[in-house]
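K.L.:
how does the following fold in three dimensions:
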Amino acid sequence: MFQPENLLREARRQKGLPELAVPEVCLLDPDGDIVRYLAATGRGRLHSGWACYHTEMWVTELQGRPVGVVGLAVGAPFAVLVAEQLSASGAELIISITSAGQVRPLVDPPFFVLINRALRDEGTSLHYQPPGTWSQLPGHLESPLAPVLQGLPKPVLTGASWTTDAPYRETQAAFDAASESGAVCVEMEAAALYAYAAARNRDIVCFAHVTNTMAKHGNDFEKGEDNGARTALTITQATAHVLRPLPN
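P.N.:
Modelled structure (predicted):
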């Protein structure tokens, strides 16, 4: 009944915006650290035609490629709402890099994880896929990424996540069950984004920036240099280069 194209059409009419496509590659930045970095360093500019009622889009250049970055789309419903509008506006590859808590100790935080499957402990995915335990990153996206991500200055691990709608309701029993199922981190968007991608045949890749252990022991939520923004942009560039190579 309600299509993203219709919402965008009316937003453009009300705001007097031109009908401009967004970049082919777009990045979801739920924490907003990347867009703040782009604004502070002058590496980004506002997209003049992004017709979302709720967000702004910053555009930056990564080795000659324009990439659109949307900040502060936190949680599964909001992330998928924005992803639908990005796809309707011309995005062909959507990358999400979100903060996450550590479920299984792999290495000391902060570190990044390519999410290859996400435990569906949220509600949005049920509107895109039948009930089930996991949402999956398609193999045709994971296979070419693995060797490239291993070669980055800061390696990116691959693993499963637990997507929850309620971070402050993570009981010990739920935490243990997620760990036993194989989840290495907990975040708020990936299961829904992958369910949307499967339902609508979209290319979406989700990364977790594991920054914390739920602040149980102090000295937590440290993201590293520039709040991890530069590393996140390096991961974005590498992902785009493999999955959407620029023409020679």
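K.L.:
okay, now A238: neighbour count?
P.N.:
18 (other CB atoms under 10 Å). Placement of C-beta: from N, CA and C, glycine included.
K.L.:
distance check, it against A79.
P.N.:
Distance of A238 to A79, given as CB to CB, to the nearest Å: 22 Å.
K.L.:
center of the chain, which residue is that?
P.N.:
S96 (1.3 Å; CA atoms, centre = their mean).
K.L.:
on contacts alone, who are the packing partners of whichever helix in the chain runs longest?
P.N.:
Assignment by DSSP state H gives helix 229-243 as the longest helix of the chain. Secondary-structure packing of helix 229-243 (3 or more CB pairs under 8 Å, 6 or more residues apart in numbering; DSSP states H and E): strand 25-29, helix 33-41, strand 57-62, strand 65-71, strand 93-102, strand 111-121, helix 139-150, strand 203-212.
K.L.:
next, the buried residues of it.
P.N.:
Within helix 229-243, the residues that count as buried by 16 or more other CB atoms under 10 Å are 229, 231-240, 242-243.
K.L.:
could you check the angle strand 203-212 makes with that helix?
P.N.:
150 degrees (axes from the mean of the first three to the mean of the last three CA atoms, to 10 degrees).
K.L.:
next, the angle strand 25-29 makes with helix 229-243.
P.N.:
Using the same axes, to 10 degrees: helix 229-243 against strand 25-29 is 150 degrees.
K.L.:
hey, which helix or strand in the protein has the poorest pLDDT?
P.N.:
When the helices and strands of the chain are scored by mean pLDDT, DSSP states H and E, helix 139-150 comes last with a mean of 93.
K.L.:
now do it: everything it contacts.
P.N.:
Outside helix 139-150, the residues within contact range by CB atoms under 8 Å, 6 or more residues apart in numbering are 114, 116, 155-156, 158, 203, 205, 235, 238-239, 241-243.
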